[in-house]
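**Q** For reference, the sequence and a predicted model appear below.
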Amino acid sequence: MASDIQTRIAELSQQLHQHIYHYHVRSEPLITDAEYDRLLQELQTLEAEHPQYRRDDSPTQRVGSDLSGDFSKLRHPAPILSLANAFDESDLLAWEERNLRLLPAGTQLSYILQPKLDGLSIVITYENGSLARAATRGNGEAGDDVTANVRTIRSLPLRIPVEPSSGDAPDRLVVRGEILFHKADFLALNEEQAAAGSPAYINARNTASGSLKQKDSRETAKRKLTAYIYAIVDSAGPPLASEWETVQTLQELGFPVVNDTARFANLAEARKALADWEARRDSLPFEIDGLVLKVDDLALARELGVVGKDPRGAIAYKFPAEEATTTLRGVTIGVGRTGKLTPTAQLEPVFIGGVTVSSASLHNYDQVKALDIRLGDRVIVKRSGDVIPYVVGPMPAARDGSETAITPPARCPFCALPLVQPKGAVDWFCGNASCPERVGRALEFFVSRGAMDIEGMGPQTINALIAARLIDDIADIFTLQGEPLLALEGFAQKKVDNLLKSIDTAKGRSFAQVLTSLGIDGVGSTVAGLLTDNFAAMQELLDTANAIRAAEAEFSRVIRPIMAAAASDDSEAERQIARLQQPTTELVPQLIDASDLNQRLTRRLKALLLSANDIARISQSLANLIGVSRPLHVIEGLGPVLVANIVDFFSDAHNRSVLAKMLAAGVNMRAEEKALAGDGLAGKTIVLTGTLSQPRGVLKSLIEANGGKVTGSVSKRTNYVVAGESPGSKVEKAAGLGVPIIDEDALRMLVNG
Ligand SMILES: [Zn+2]
């Protein structure tokens, strides 16, 4: 027993030494921070229980250090402490119990709770209100002098108080905070990396650390680092009584503080807030790895003192690890209903945040390449909230040379046709609309609840029908016959009767439901409802899409010779040419209501140095495109990208033939006639703007029930603009066009005749 413990202590020490080396010296960690914390915690516990086995060179005996040789050192005015960890609520209870034993009987402890930011600790000194020095935590006693770099972080005040009305700053104030990337800024940074063809950054905190430790502060300034301040290390100002007061003071001086700091009368109250924080974790703008619980009363916290390098008055409550490392064993490939390829990592099973994970998303092959993930790699896997676990990146330091590259296959694993990667897309696609896997996925979606809801058509039945070549696409469902079904294994008379009956019922689903079931990118039930409000039948949608496609083709035929001759030597000209090549998303929405298209284009396309004659030809062709696009673009709630998706879908030859088969088989493709409450607004087009007394949807229904139509933008064709409180530019526009602007009362009077 004793020697088991001794062995384990030696083992843990040896592992931790190795990880510390890889982390601090080689900057190539082999395990995640959470895994490191676990090992350290186990060692600390064993050493506390069996102090006789603790070795002098134990990793628990040394303070972590971020010191590097590139910077001069700054001594901190007081030791910059770290925090002990609690991994569950029982650790918190034990922590309070230990503290209460050290304090006079009957002491009540209140607490503040703050998020534990996953960044880099920083100590900043202000002298007479000016930012004088900034240092990393270093070894807790002294840190790297990164003053010049810290000055580039915009959220940090260079002078305090930021608002002169907040009074005077202490002559000397030393604060402690955390430097980090907001999630959005880190994503943007990686997008820039990708655009430049450089490898993606994997770990936000390591990247923040690297950004702060640039030798040239101009490099630091280029990164969008953020800082939050949460403690006062030393101050020449009047002493503060509590942590709560500290946060208020920091905020008044103009420091960035986390807004969500909360105070609790006792531990029980604070514990109730833990789950809420954990649930919000993913929606926060920054990464957190837990919460910090601090005894609010600073006098009591001082009395509790320090054990080792940890103050007794504060503790880090760690969330269950969301990341772990494991081995990437293989990659499986899925093909979705749009043909998109999805590579999935097959992993050595690993326990993450309470769940065993054995497969994880690899997003797409471009990402795999950017991150240089190889088969056989040790990889970091993240699982957060309800999101499918995904591979964050590899740990290159753990490679032994046997790892192999992961590349997309040349051909679809299901239909063997060559795969394609559309220009500008990160994903690879199987472009074969009859690919059995694509058809299978599309069928599964089509018959599912919420879509056509065809009972008795589970994935197994679908696979059997595809395998027997009874269906090639969704339309074939509606012409299924009893006899060939009966010939299939496991299909008895009753089963076949039920299936045919539910297929027959599905033919009568609403037009909006049919549209939803088609699985068009971005078209769920809400958008389908918008479409059926504006298009009475499928044929109208098909005609509109075809007319737009034809007008686009005509437009590009008109602009091609003009562009070939146009000036294109500056970036503005290039931008304008790129816009002209995407008229449906880049021109039509912006110019749909233009009163003088010719004049607007003359101004917009100035950089291209076109002749008046050329502008007139472009303008005429664009007017035609706008005219045929109008029915889709005026629908409030349909953005340009969605409109483009809809046009793509309904102008595609394969989709059109499938829809024609469905129509022939008797599937409903018409909107139901709406029973009108009145006709006071018959034929009127109305735009709503500003803050109205009722939700928009209510007024929209009222208008539609009385024969009117609501659109999103004001044009000559608008009959009324209904303006609520603080209306925007739509009112100005209406006034310019002479469109009557009315209030809600006037609208109701129109409704009532
Ligand atoms: Zn395929």
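**A** Arrived safely. Predicted model, so just to flag it, every value in this text is computed and none were measured.

**Q** Can you give me the neighbour number for the closest residue to the ion within the stretch 651-753 of the chain?
**A** Per C-beta to the ion, the residue of the stretch 651-753 of the chain with the smallest distance to the ion is His654, at 13.9 Å. C-beta: built from backbone N, CA, C; applies to glycine. When neighbours are counted by other C-beta atoms under 10 Å, His654 registers 10.

**Q** any idea which element it lies in?
**A** Element membership of His654, judged by DSSP states H and E, is helix 653-664.

**Q** For that helix, give the mean pLDDT please.
**A** Average pLDDT, helix 653-664: 94.

**Q** Offset the numbering so it begins at 499, please.
**A** From this message on, residue numbering opens at 499, which makes the last subject helix 1151-1162.

**Q** other SSEs contacting it?
**A** On a contact count with 3 or more C-beta pairs under 8 Å, 6 or more residues apart in numbering; DSSP states H and E, helix 1151-1162 meets helix 1036-1063, helix 1138-1149.

**Q** hmm, 7 Å instead?
**A** When contacts are defined as 3 or more C-beta pairs under 7 Å, 6 or more residues apart in numbering; DSSP states H and E, helix 1151-1162 packs onto helix 1036-1063.

**Q** so what's the residue of the stretch 1149-1251 of the chain closest to the ion up against?
**A** Ala931 (C-beta atoms under 7 Å, 6 or more residues apart in numbering).

**Q** Over to Lys1214?
**A** By C-beta under 7 Å, 6+ apart, the contact set of Lys1214 is Leu1235.

**Q** From the ion, how far off is the most centrally placed residue in the chain?
**A** Centroid-nearest residue in the chain, with C-alpha atoms, centre = their mean: Ala682, separated by 8.1 Å. Using C-beta to the ion, to the nearest Å, Ala682 is found at 35 Å from the ion.

**Q** Could I get the average pLDDT for the strand or helix carrying that residue?
**A** In this structure, Ala682 sits in helix 681-693 according to DSSP H and E. Mean per-residue pLDDT for helix 681-693: 86.

**Q** List the buried residues of the following helix or strand past that helix.
**A** Note on helix 681-693: by DSSP H and E, the next helix or strand toward the C-terminus is helix 702-710. Within helix 702-710, the residues that count as buried by 16 or more other C-beta atoms under 10 Å are Ala702, Arg703, Thr705, Ala706, Ser707, Gly708, Ser709, Leu710.

**Q** do stretch 1228-1247 as well
**A** By neighbour count on 16+ other C-beta under 10 Å, the buried set for stretch 1228-1247 is Lys1228, Val1229, Lys1231, Ala1232, Val1237, Ile1239, Ile1240, Glu1242, Leu1245.

**Q** returning to that earlier point: ok, residues contacting the helix holding Ala682?
**A** Against helix 681-693 from outside (C-beta under 7 Å, 6+ apart): Pro697, Ala698, Tyr699, Ala702, Arg721, Lys722, Pro783, Phe784, Glu785, Ala868.

**Q** between these, which is closest to the ion?
**A** Nearest to the ion among the contacts of helix 681-693, with distances taken as C-beta to the ion, is Ala868, at 25.0 Å.

**Q** Please tell me I have it right and the closest one contacts Pro697.
**A** Yes - with contact defined as C-beta atoms under 7 Å, Ala868 reaches Pro697; the gap is 6.2 Å.

**Q** Which one's more surrounded, the two?
**A** Neighbour count, other C-beta under 10 Å: between Ala868 and Pro697, Ala868 has more, with 19 against 13.

**Q** Identify the residue nearest that one in space, chain neighbours excluded?
**A** In space, Ala868 comes closest to Ala698 once its chain neighbours are excluded; the distance is 4.7 Å by C-beta to C-beta, 6 or more residues apart in numbering.

**Q** quick one, phi psi at the one you found?
**A** Dihedral pair for Ala698: phi -70, psi 150, per degrees, to the nearest 10.

**Q** can you tell me which residues contact it?
**A** By C-beta under 7 Å, 6+ apart, the contact list for Ala698 reads Asn688, Gln691, Ala692, Ala868, Leu869.

**Q** Columns distance to the ion and pLDDT on top of the contacts of helix 681-693, output as TSV?
**A** Listed next are the contacts of helix 681-693 as TSV, based on distance: C-beta to the ion, whole Å; pLDDT from 0 to 100:
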residue	distance to the ion	pLDDT
Pro697	31	75
Ala698	29	75
Tyr699	34	80
Ala702	37	83
Arg721	42	87
Lys722	41	90
Pro783	40	90
Phe784	41	91
Glu785	38	86
Ala868	25	88
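
**Q** Identify the residue spatially nearest to the residue in the stretch 999-1148 of the chain that the ion sits nearest to, adjacent ones excluded.
**A** Nearest to the ion, among the residues of the stretch 999-1148 of the chain, is Gly1017, at 16.4 Å (C-beta to the ion). Leaving out its chain neighbours, the residue that sits closest to Gly1017 by C-beta to C-beta, 6+ apart is Phe943, at 4.9 Å.

**Q** That neighbour against Arg835, yeah?
**A** Yes - contact criterion C-beta under 7 Å: Phe943 and Arg835 qualify, at 5.7 Å.

**Q** shared neighbours, these two?
**A** Between them, Phe943 and Arg835 share the contacting residues Gly1017, judged by C-beta under 7 Å, 6+ apart.

**Q** re the thing from before, would you check which pair of the buried residues of stretch 1228-1247 lies furthest apart?
**A** Lys1231 and Glu1242 (19.6 Å; C-beta to C-beta).

**Q** Can you give me the neighbour number for Val621?
**A** 26.

**Q** if we can go back for a sec, from Gly617, how far out is the residue nearest to the centre of the chain?
**A** Ala682 sits 15 Å away from Gly617, taking C-beta to C-beta, to the nearest Å as the criterion.

**Q** which parts of this protein sit against the ion?
**A** Cys910, Phe912, Cys913, Cys928, Asn930, Cys933 (C-beta under 5 Å from the ion).
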